[in-house]
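Asks: Mind looking at a prediction? Sequence and model below.
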Amino acid sequence: MKKFLNALAVLCCLVAPSCRLLDPDNPIYKQTSFTIHTGSIYDDLGIQLEMAQCLLEGSHSVLVSALVYDQNGQLVDRQDQETAILKPLGITFKGLEEGTYTLLVWQAGLVKASDNNWTLSGEDQLSTLTATAPGYPMSFAEAAGCAWVNFSVHGHPSLGTIRPKAIGSVVELKVDNLTEDKGFSYVVLTGNSGQAPLGLRLDPSLDSTPDRWFYEENPNLEVLYCDLISSKGSDKFFTLSDGENIQLYLWGPKEEGDWQYFYDVLPRQIHPGQSYICYLDMDRLTWQPPFFGDYWSFGNWIIQRMAGLLVAQPLLKWGCDVEEVEAYMRGKQWYMQMEKNLGYWDAYGGWHLWYYVAPKLTEQYLFETEDGKNLQFAMTICWEKALSYEQFVKSLTVQGYRLVAKSVLHPIELDFFDKYLSADGKTEAYLAADNDGYTYLIYQPAGVEYYYD
């Protein structure tokens, strides 16, 4: 009998925990777990290795905040974890009542030695939750992102996965040949405060809307995105700028304290989750403008430059209208229109439109009519002696042009040019340099004779 009672006691001990586990009031049945992939932001921005190096060196850490809101938008739970390793983080929320919730995950890179880092405010209500940036300039290691998901608690455990997305983009400023003889110790890239948000509202209902961002009260202040010292060559920064027409400016301080303006980068698209490059060659300032765009486009662009193609590549669509030329110019990395309206050019008996594609390099177009119909000529004029006649020859050769005659008298210019013919035989190019070392390149339809008084 005693052995029977002992066996019964052991059986009760084994069964009782199982009974408790089956109890729907047990907190374990009301827990929800999530895995947060902390590396996803840096994967999207293409800075995985750089960020890992910053964390390894101990200069930065990554803060992950997970905030749970009920159906009324009230904060009911929060967990914060700081890490120096880009690995998935597990978080678990226990004891939530049955119902539907919103989990918002915020992630930001922190500078350990600084008191000025990303901050969250208004956490008690989802509608007032706001993230404020530490201010510009921000290094790539201060990149931040967020994600949100709705989930339900129904009396049984559940699992989920979160991949935060970057709320901004990373831009690399790369400058070649920034040497002492240029007279500049560094180059800066600036923008307008009206296009550089100070932070964002994290309420999911504002996602992908302009109301998501907040800015300086004065939209006309200058914002410093990046300052690049000559010894470094390139640097990457994080920006919240988001739009189709983001304006950027490149400057350099002279040794005597004055500032020299290099270029304004034509309005460019910048969108969160992307990586871009702004490239400038100090040896080519006057005849090659900076590049701004994604790395794929930059790869194609730099290959063309290395092959010898000049940035002056006029549209040679004979017979087209001025609207097509204007659309073509808008696709350039940089240009400046010298004339608002077409002007009459006596020598050619046509109507002329003039663009700078670099400070000392032009593309010019001549049309038959005042309203810009029937493109008849295109030309490039270079006032930079550093851009040699031989470089123009190389550019023509790369495009498939071949020399067909030396020292041909051009019927309109009444001067001697070397004559080239395009690979398809549709375009003639006339190339010459004057005694001052300036270069002139005229394009016209092949086989068409033009004579004007």
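Replies: All right, it came through fine.

Asks: quick one: the strands in the stretch 351-453 of the chain?
Replies: 361-367, 375-382, 402-409, 416-421, 427-433, 439-445 (DSSP state E, counting those that start in this stretch).

Asks: Enumerate every residue touching Leu315.
Replies: 324-325, 328, 365, 375, 378 (CB atoms under 8 Å, 6 or more residues apart in numbering). (Glycine included, C-beta is placed from N, CA and C.)

Asks: Just send the strands of the stretch 351-453 of the chain back as a markdown table, with mean neighbour count too.
Replies: Compiled in a markdown table, the strands of the stretch 351-453 of the chain are given as follows (neighbours: other CB atoms under 10 Å):
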| stretch | mean neighbour count |
| --- | --- |
| strand 361-367 | 23 |
| strand 375-382 | 22 |
| strand 402-409 | 12 |
| strand 416-421 | 18 |
| strand 427-433 | 21 |
| strand 439-445 | 21 |
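
Asks: among these, which is nearest Leu200?
Replies: strand 361-367 (40.7 Å; CB to CB).

Asks: What pairs with the closest one, parallel or antiparallel?
Replies: Here strand 361-367 has these sheet partners by DSSP bridges: strand 350-358 (antiparallel), strand 375-382 (antiparallel).

Asks: Dump those strands to CSV, plus mean pLDDT and distance to Phe184.
Replies: Converted to CSV, those look like this (pLDDT from 0 to 100; distance: least, CB to CB, whole Å):
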stretch, mean pLDDT, distance to Phe184
strand 350-358, 93, 18
strand 375-382, 95, 24
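
Asks: out of those strands, nearest to Ala147?
Replies: strand 350-358 (42.8 Å).

Asks: Output that closest one as PDB, nothing but the C-alphas.
Replies: The C-alpha trace of strand 350-358 is given here as PDB (Å, rounded to 0.1, in the frame of the first residue of the first chain):
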ATOM      1  CA  GLY A 350      20.200  79.700 -87.900                       C
ATOM      2  CA  TRP A 351      18.900  79.900 -84.400                       C
ATOM      3  CA  HIS A 352      21.400  79.100 -81.600                       C
ATOM      4  CA  LEU A 353      21.100  77.500 -78.100                       C
ATOM      5  CA  TRP A 354      24.200  77.400 -75.900                       C
ATOM      6  CA  TYR A 355      24.900  75.200 -72.800                       C
ATOM      7  CA  TYR A 356      27.900  74.900 -70.600                       C
ATOM      8  CA  VAL A 357      28.500  71.200 -69.700                       C
ATOM      9  CA  ALA A 358      31.500  72.200 -67.600                       C
END
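
Asks: can you pull the contacts of the residue most central in space within the chain?
Replies: For the chain, Tyr276 is the residue whose C-alpha lies nearest the centre (CA atoms, centre = their mean; 3.5 Å). Residues near Tyr276 by CB under 8 Å, 6+ apart: 169-172, 268, 270, 292-295.

Asks: now the contacts of Leu315 as TSV including distance to His410?
Replies: Output for those, formatted as TSV (distance: CB to CB, whole Å):
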residue	distance to His410
Glu324	26
Val325	22
Tyr328	25
Tyr365	18
Leu375	18
Ala378	14
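
Asks: As a check, name the ranges of all strands in the stretch 101-250 of the chain.
Replies: 119-121, 130-132, 138-139, 144-153, 158-162, 165-166, 169-176, 186-192, 199-201, 213-214, 222-229, 234-239, 243-253.

Asks: how many other residues sit next to Cys226?
Replies: 24 (other CB atoms under 10 Å).

Asks: Distance check, it against Leu189.
Replies: 5 Å (CB to CB, to the nearest Å).

Asks: so what sits against both of those two?
Replies: Joint contacts of Cys226 and Leu189 (CB under 8 Å, 6+ apart) are 171, 173.

Asks: need the strands paired with strand 361-367 in CSV with distance to Pro219, can you?
Replies: Shown next, in CSV, are these (distance: least, CB to CB, whole Å):
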stretch, distance to Pro219
strand 350-358, 28
strand 375-382, 38
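
Asks: thinking again about what came up before, could you dump the strands of the stretch 351-453 of the chain to TSV with distance to Ser152?
Replies: Below are these laid out as TSV (distance: least, CB to CB, whole Å):
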stretch	distance to Ser152
strand 361-367	61
strand 375-382	64
strand 402-409	72
strand 416-421	72
strand 427-433	67
strand 439-445	67
